[in-house]
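Visitor: For reference, the sequence and a predicted model appear below.
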Amino acid sequence: MADAASHASYLPPILTFCAGAVIAVPLFRKLGQSAVLGYLAAGIVIGPSLLGVIQDPDAIRGTAEIGVVLLLFLVGLELQPSRLYSMRRDILGLGLAQMGLSAAVIGLVGWRLGLSGGGAVAVGVALALSATSIALQLLEERGDGNETYGRRTFSILLFQDMAIAPVLALLPLLAVTGTESGSPMRALASFGIAIAAIVAIVFAGRYLLNPFFRVLANSGAKEVMTAAALLIVLGAALLMEHVGLSMAMGAFLAGVMLADSHFRHELEADIEPFRGVLLGLFFMAVGMSLDL
C-alpha cells in the first residue's frame, strides 16, 4: 500500500501540468499569442506566486531542461556541416557584433551607474546573451526558421552558445576579490578542456555514430533506436555541461554530426514527441519560478 501511495503522489503534479497546458496554450493561441506565453502563464498560475499548486519549481527544472536540449538536437539535425560552414560569416560576423555592441552599451550604462570596470564588463556580457529556447520556439511556431532573418537570428544564438566557454574563462580574470594566483591558469585550462570535448564529439559523430546506429537498426528493435538517440543526445549534453559549456551546445553538435546520416529522419521522429512535452514543461517551470 505504501508503494501504491508513493506512485500515486506523482499523479497530481503531472495532471496539474497537463491541465495547465491544455487550458492556457489554446487560449493564448486563440488570442493570437505564442504558445510560449501560454506555458509561462500556466506556470505562473500554478506556481508559488498564485495558486501554489506546485511549491517547488526547482524540483522539475532539471528534467524540464531536457526539452531545450532536445530542441537544439533537432535544430542540429536540420543543418548539415556544409550548410553550417556556409553560415560562418553570419555566425562570426553578426554574432560577434551583437555580443560586442550589446555588452559594450550595457556595460557602459552599468559603469555610469557605479559598477567597477570588471563588474560592468561581467554584467554587460551576461545581459548580452539571449534565451535560445524561447527565440527558437517562436521561430518554429511562425515557420520563419528558413527565412533570411530566421537564419541570421539562429546564427547569433549559436554564436552566443559558443561564446560561453570564453566568457567563463574571462570571468575569473575580472574578479577583484578572493583571487588566487592560479585562477587565470585554471580558467585557460578549463577553456582547453572545453575545446577538447567539442573535438571529441565531432570525432565521434563523424566516425562512430553511423556504424553504431547501423548495428542497432539491423537488430530490428525500434525502441532500442529511440533509447540510443536519447543516449547520444543526453550524453553529449552532459559532457558539455561537465566541461563548462551549455547542454544545448552539446546536443546541437550531436545533431549536426548526424545531419548527413541515413537515420536522420528516424531519429527526428523518435525525438520529436519528447521534445514537445518537455519543452512545454520547461517554459512552465520558468513561469513557476517567477515571483510576481
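Guide: Ah, there it is.
Visitor: Could I get the contacting residues of residue 139?
Guide: Residues in contact with residue 139, defined by CB atoms under 8 Å, 6 or more residues apart in numbering, are 145, 150, 153-154. Every residue, glycine included, has its C-beta placed from N, CA and C.
Visitor: Which member of these is positioned nearest residue 98?
Guide: Nearest to residue 98 among these is residue 153, at 9.9 Å by CB to CB.
Visitor: Look at the closest one and tell me its secondary structure.
Guide: helix (DSSP: H, G, I helix; E, B strand; the rest coil).
Visitor: and it, how many neighbours?
Guide: The number of residues packed near residue 153 is 21, by other CB atoms under 10 Å.
Visitor: so it touches residue 132, yeah?
Guide: No - taking contacts as CB atoms under 8 Å, residue 153 lies outside contact range of residue 132: 10.1 Å.
Visitor: Format the contacts of residue 139 as a markdown table; extra columns: distance to residue 274 and pLDDT.
Guide: Putting the contacts of residue 139 into a markdown table (distance: CB to CB, whole Å; pLDDT from 0 to 100) gives the following:
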| residue | distance to residue 274 | pLDDT |
| --- | --- | --- |
| 145 | 20 | 72 |
| 150 | 24 | 83 |
| 153 | 25 | 87 |
| 154 | 22 | 83 |
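Visitor: Now that we have those residues, which of them are buried?
Guide: The neighbour-count test (16 or more other CB atoms under 10 Å) marks 145, 150, 153-154 as buried among the contacts of residue 139.
Visitor: can you map out the strands along the stretch 101-250 of the chain?
Guide: Assigned by DSSP state E, counting those that start in this stretch, the stretch 101-250 of the chain shows no strands.
Visitor: closest to residue 126 among the contacts of residue 139?
Guide: When the contacts of residue 139 are compared for distance to residue 126 (CB to CB), residue 153 wins out at 20.0 Å.
Visitor: Quick check: the gap between the closest one and residue 139.
Guide: 7 Å (CB to CB, to the nearest Å).
Visitor: Quick check: which ranges of the stretch 1-150 of the chain have low pLDDT?
Guide: Low-confidence segments of the stretch 1-150 of the chain (pLDDT under 70): 1-10.
Visitor: can you pull out the helices in it?
Guide: Secondary structure of the stretch 1-150 of the chain by DSSP state H, counting those that start in this stretch: the helices cover 2-8, 11-30, 35-46, 58-77, 81-86, 88-89, 95-112, 117-128, 132-142, 148-162.
Visitor: Quick one: closest of these to residue 255.
Guide: Nearest of the helices of the stretch 1-150 of the chain (CB to CB): helix 58-77, 2.2 Å.
Visitor: helices or strands up against that closest one?
Guide: Judged by 3 or more CB pairs under 8 Å, 6 or more residues apart in numbering; DSSP states H and E, helix 58-77 is in contact with helix 132-142, helix 222-242, helix 247-257, helix 264-289.
Visitor: rewinding a little: which among the contacts of residue 139 gets closest to residue 28?
Guide: residue 145 (20.8 Å).
Visitor: mind listing what that closest one touches?
Guide: Contacts of residue 145 by CB under 8 Å, 6+ apart are 78, 136, 139, 151, 154.
Visitor: List the buried residues for stretch 83-97?
Guide: So for stretch 83-97, counting by 16+ other CB under 10 Å, buried means 84, 87, 90-91, 94-95.
Visitor: typed the wrong thing, it's stretch 53-60
Guide: 53-54, 57, 60.
Visitor: Check the separation of the first and last residues in it.
Guide: 14 Å (CA to CA, to the nearest Å).
Visitor: what does stretch 215-227 give?
Guide: 14 Å.
Visitor: Name the nearest residue to residue 37, ignoring sequence neighbours.
Guide: Using CB to CB, 6 or more residues apart in numbering and skipping the chain neighbours, the partner closest in space to residue 37 is residue 28 (5.2 Å).
Visitor: Okay, now the unreliable bits of the stretch 151-292 of the chain?
Guide: Short version for the stretch 151-292 of the chain, where the test is pLDDT under 70: 165, 168-187.
Visitor: still on that earlier bit, would you mind measuring from the residue nearest to residue 37 to residue 84?
Guide: In terms of CB to CB, residue 28 sits 33 Å off from residue 84.
Visitor: same thing with residue 206?
Guide: Taking CB to CB, one finds residue 206 at 13 Å from residue 84.
Visitor: same question, residue 68
Guide: For residue 68 relative to residue 84 (CB to CB), the value is 20 Å.
Visitor: Over to residue 93?
Guide: Taken as CB to CB, the span from residue 93 to residue 84 is 15 Å.
Visitor: And for residue 131?
Guide: In this view, residue 131 and residue 84 are 22 Å apart by CB to CB.
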